[in-house]
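Trainee: A structural model of the following input is requested.
(2 chains)
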Amino acid sequence: MTESTIKLARQNKTGKKALNVPLMKKKGKRWLGSFLRLLLIICLSYLILAPILQNIVVAFTHPDDLGMATSVWVPQNVSTQNWHVASLMINYAQALPYTFLHTSIMVILQTVCTMLAGYSFARFKFRFRSVLFAFVVFTIIVPPQVFMMPQYLFFRSFDIFGIITAITGKPLNLLGSTASLYVMSAVGMGLKSGLYVYIFRQTFRGLPKELEEAAYIDGAGFLRTFTSIVLPAAQAGILTVVVLSFVWNWNDSYYTNLFDNNNIRHLMLAYGKAISSVDEALASISSKVPLTYSFLLKSPVYEAAIAKTASMLVFLPLVVLYLFIQRKFVQGVERSGITGM
Amino acid sequence: MTTASNKVKKSGGSWYYRLPFPRKMALWGIIFLIPWLLGFFLFFLTPMIQVVRYSFNEMSIVPRLELNYVGLQNYTQALQIDPNFNRILVNTLGEVLLLTPLVIVFSLLCAILLNGKFKGRAIARAIFFIPIIMATGLLLQRVTSMSAQLAGDTQNARVFGAGFVAELLFQLGIGRQMVSYLLNSVNNIFKVVSLSGIQILIFLSALQSISPALYEVAKIEGATGYETFWKVTVVMVSPMILTCTVYTLADLFLRSDVIDLMYSVAFRRSQFGLSAAMSVVYLIMCVLVIGIISSLVRRVVFYYD
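Mentor: Just a heads-up that it's a prediction; the model follows:
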């Protein structure tokens, strides 16, 4: 199935210029090829979209109609009550702006650090460069969770080479504050930083060297060359990393949970806590909601619907952002040459 | 000392300007790398050594860190006494070996589908990258478990049709193992889709960078589409197959249940030494599996230089 499709697709592509073969046969094959391709794409798109659409439908279903056979794809009675309850449950009004700001700071720190490292690996020649880059690959393949305990203990008594102890007399406890997360991101050991170093290295290597050489000859220093020649040329790669970093930091609950686990303003954490026991979360907000549906409180169907709605609340800001930049992102990925060898 | 530095300032060029170009380059290379090096030292190298150290000790962290050397006791506890660790480890390994080839084939297929020119390409691309934005963590679990319900779980799949297909495959003479692999793959389709985001992206980018001249040559030489696919497309993207394989493996290891187990052993049951021993075993397993598989894949990779 797949091979024949690919074959047909290829023939479709190459067949356009081949005029010396019987035209009818080619045309039929080409039509079949694009039809099969379209069919496959539609099926796969359905696979990707179905769970999301299903969740959205559930979120808009009136609590009375949940689980009814009449409201599977089109709810019988549309209501926004689920959204209201779910957003109260995860403290959305406060958590959304906070998480947005928090994630943006993480993204900036992470991007700057990995960008510098990536450029260093791509262009500067120094001793042990290849060894150090092997270490970057090593950081990609080792799951960071393996180091959860030493990192936890490190932030419990935070100190760098004894400097803080020398000043204040005792090390700082950074647990329970976002500072620990910022420190990790700023030194390029945040979430999936190794991958970003790799992407930046490939991006910078794909740029023509002549640009930088011309800048050096014109008397620009390394820093100036980097900021005014290299960075504008590498926008596509930067966009790729910023998008990936934003998405992953937004969705991350591991690091926040480990270092800052009482921070309920963090959206993913609030969501995780809420869905681990939906009934408790609902009970705690019951005073704020005019619940005429108190009989629903113990119903698993209702709880599942609220959980689904909450997951959409966490997910939808990303979709909105994605819709804004999707075209640039996809083009950027193609041009950035993540793959450039 | 001061006079020397004054002299340098007066003469207008410090020691930096006297360095030859390659030296300056090396210096800036290190300067650019300092933040990363610091992070690598503090949050990777040191923790690695510490984890190994902790794993040989019984430890308590309240009120302060205390270590008691107990030798290999934590390892025997993890590998022989703990009821879950071995089982989860083997499960993880099985799942990784099942899913990785599926993800690679699926994402290559998607990339090829998206690569051509057709109507609605922009929309299709936008949809295919959605898995990236719901990439990690809880949300994904939630959404994929929903979709598994949507598609009918394994048992339903057995009731509807899958049994028939399995029977048919047996009749065709395909081995039992192969059939169960195929059925498993179908059951895992949502997982595969949700894992393939970045890989599609990488393959798409690789396909774009294949020189059209190669396809022209293939056409002039009279290659069929099938031959062109295997001898041009696959060969040219083969370095990226290696990259994607490594990435997929790492990604799967990161989502494993072993992580949850390690977390709960350390922070709920307060058996920190045991958790450290598990971490070390898991670390070694990850590195070994990724090392072996990537060295196998590397044999068939072709570098066009």
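Trainee: which neighbouring elements make contact with the host helix or strand of B:Pro22?
Mentor: Assigned by DSSP states H and E, B:Pro22 belongs to helix B:21-40. Counting contacts by 3 or more Cβ pairs under 8 Å, 6 or more residues apart in numbering or on different chains; DSSP states H and E, helix B:21-40 packs against helix A:92-123, helix A:129-141, helix A:179-186, helix A:222-225. Where you see a C-beta, it was placed from the backbone N, CA and C, and this is true even at glycine.
Trainee: off-centre distance for the first one?
Mentor: Relative to the centre of its chain, helix A:92-123 is centred 11 Å away, using Cα atoms, centre = their mean, to the nearest Å.
Trainee: do the shortest one as well
Mentor: With Cα atoms, centre = their mean as the basis, the distance from the averaged C-alpha position of helix A:222-225 to the chain average is 31 Å.
Trainee: show me what counts as buried in the helix or strand following it.
Mentor: Next helix or strand after helix A:222-225 toward the C-terminus (DSSP H and E): helix A:231-233. Residues of helix A:231-233 include none that count as buried (16 or more other Cβ atoms under 10 Å in any protein chain shown).
Trainee: anything in helix A:231-233 near chain B?
Mentor: No: Helix A:231-233 lies out of reach of chain B by Cβ under 8 Å from any Cβ of the partner chain, never closer than 12.8 Å.
Trainee: and the angle from the helix or strand following that helix to helix A:179-186?
Mentor: Using DSSP H and E, the helix or strand that follows helix A:231-233 towards the C-terminus is helix A:235-251. Following axes from the mean of the first three to the mean of the last three Cα atoms, to 10 degrees, one obtains 150 degrees for the angle between helix A:235-251 and helix A:179-186.
Trainee: helices or strands up against helix A:235-251?
Mentor: helix A:92-123, helix A:193-206, helix A:267-276, helix A:300-336, helix B:130-133, helix B:137-151.
Trainee: could you rerun that using 7 Å?
Mentor: Counting by 3 or more Cβ pairs under 7 Å, 6 or more residues apart in numbering or on different chains; DSSP states H and E, the packing neighbours recorded for helix A:235-251 are helix A:92-123, helix A:193-206, helix A:300-336.
Trainee: put the alpha carbons of the helix holding B:Pro22 into CSV.
Mentor: Provided in CSV are the C-alpha atoms of helix B:21-40 (Å, rounded to 0.1, in the frame of the first residue of the first chain):
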residue,chain,number,x,y,z
PHE,B,21,43.3,35.0,14.4
PRO,B,22,42.9,31.3,15.2
ARG,B,23,43.7,32.0,18.9
LYS,B,24,41.1,34.7,19.0
MET,B,25,38.7,32.4,17.5
ALA,B,26,39.4,29.7,20.1
LEU,B,27,39.0,32.3,22.8
TRP,B,28,35.7,33.4,21.6
GLY,B,29,34.6,29.9,21.1
ILE,B,30,35.2,29.2,24.8
ILE,B,31,33.5,32.5,25.7
PHE,B,32,30.4,31.6,23.8
LEU,B,33,30.4,28.2,25.3
ILE,B,34,30.8,29.3,29.0
PRO,B,35,27.1,29.3,30.0
TRP,B,36,26.6,25.9,28.5
LEU,B,37,29.8,24.5,30.0
LEU,B,38,28.8,25.8,33.4
GLY,B,39,25.4,24.1,33.0
PHE,B,40,27.0,20.9,31.8
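Trainee: check which element follows that helix along the chain.
Mentor: Next element after helix B:21-40 (DSSP H and E): helix B:46-55.
Trainee: how far out from the middle of the chain is whichever helix or strand comes after that following helix?
Mentor: Sequence-wise, the next helix or strand downstream of helix B:46-55 (DSSP H and E) is strand B:57-60. Put simply, strand B:57-60 sits 32 Å off its chain's centre (Cα atoms, centre = their mean).
Trainee: and what of stretch B:266-286?
Mentor: 21 Å.
Trainee: convert it to PDB, retaining C-alpha atoms only.
Mentor: This file holds the C-alpha atoms of stretch B:266-286, laid out as PDB (Å, rounded to 0.1, in the frame of the first residue of the first chain):
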ATOM      1  CA  ALA B 266      12.500   8.800  46.100                       C
ATOM      2  CA  PHE B 267       9.900  11.300  47.100                       C
ATOM      3  CA  ARG B 268       7.100   9.300  48.400                       C
ATOM      4  CA  ARG B 269       8.800   6.300  50.000                       C
ATOM      5  CA  SER B 270      12.000   8.200  50.800                       C
ATOM      6  CA  GLN B 271      14.200   5.400  49.600                       C
ATOM      7  CA  PHE B 272      16.700   7.800  48.000                       C
ATOM      8  CA  GLY B 273      19.500   5.300  47.700                       C
ATOM      9  CA  LEU B 274      17.300   2.800  45.900                       C
ATOM     10  CA  SER B 275      16.000   5.400  43.600                       C
ATOM     11  CA  ALA B 276      19.600   6.400  42.700                       C
ATOM     12  CA  ALA B 277      20.400   2.800  42.000                       C
ATOM     13  CA  MET B 278      17.400   2.600  39.700                       C
ATOM     14  CA  SER B 279      18.600   5.700  38.000                       C
ATOM     15  CA  VAL B 280      22.000   4.300  37.400                       C
ATOM     16  CA  VAL B 281      20.600   1.000  36.000                       C
ATOM     17  CA  TYR B 282      18.200   3.000  33.800                       C
ATOM     18  CA  LEU B 283      20.900   5.300  32.600                       C
ATOM     19  CA  ILE B 284      23.100   2.400  31.600                       C
ATOM     20  CA  MET B 285      20.300   0.800  29.800                       C
ATOM     21  CA  CYS B 286      19.400   3.900  27.800                       C
END
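Trainee: since that was my last question, I'll sign off now.
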